[in-house]
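Visitor: model this:
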Amino acid sequence: MKELQDIARLSDRFISVELVDESLFDWNVKLHQVDKDSVLWQDMKETNTEYILLNLTFPDNFPFSPPFMRVLSPRLENGYVLDGGAICMELLTPRGWSSAYTVEAVMRQFAASLVKGQGRISRKAGKSKKSFSRKEAEATFKSLVKTHEKYGWVTPPVSDG
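Guide: Sure thing, here's the model as predicted:
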């Protein structure tokens, strides 16, 4: 509840939140802003995309465990967004998570990683119309976590932003 109140007080309209079926454990989050110098921001302007819609599902023991986060729309390519809208970010894993993270901080980190990973709005005919699915996102996320646990996570140098 505190997280919702803090987001409502944001002055920059960076994100907005709607509860799914009035559940405090299931949020749809609209990411309204990414770096205005990025190709993703340009894509958003060209396609009249007002926001990137994400779904966050919080576990019962939040903030001690991370939420499951996935992209719902638009369909994105690159930017560490994978099949089903799964997001490849270490901080969304139990190993990378800290109970000190706020939803706003996670969303700001996600916005930065989208740009860093050269995320784009998909414009391919057919593929861009296929909706991301939760089941596919969960399977993809589970697989990527397993891979990273085996081979490690690559942390870009601080100089890369």
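Visitor: Now the helix or strand of the chain with the lowest mean pLDDT: buried residues?
Guide: In the chain, no helix or strand scores lower on mean pLDDT, DSSP states H and E than helix 134-151, which sits at a mean of 81. Residues of helix 134-151 classed as buried by neighbour count (16 or more other CB atoms under 10 Å): 136-137, 140-141, 144-145, 148. Where you see a C-beta, it was placed from the backbone N, CA and C, and this is true even at glycine.
Visitor: Closest to residue 64 out of those?
Guide: The nearest member of these to residue 64, counting by CB to CB, is residue 145 at 17.6 Å.
Visitor: Kindly confirm whether my reading is correct that the closest one touches residue 93.
Guide: Yes. Under the criterion of CB atoms under 8 Å, residue 145 makes contact with residue 93 at 5.3 Å.
Visitor: Can you pull out the low-pLDDT segments for the chain?
Guide: For the chain, residues meeting the criterion pLDDT under 70 lie at 125-130, 154-161.
Visitor: Where do the helices of it begin and end?
Guide: Along the chain, counting by DSSP state H, helices occupy 2-8, 39-46, 103-116, 134-151.
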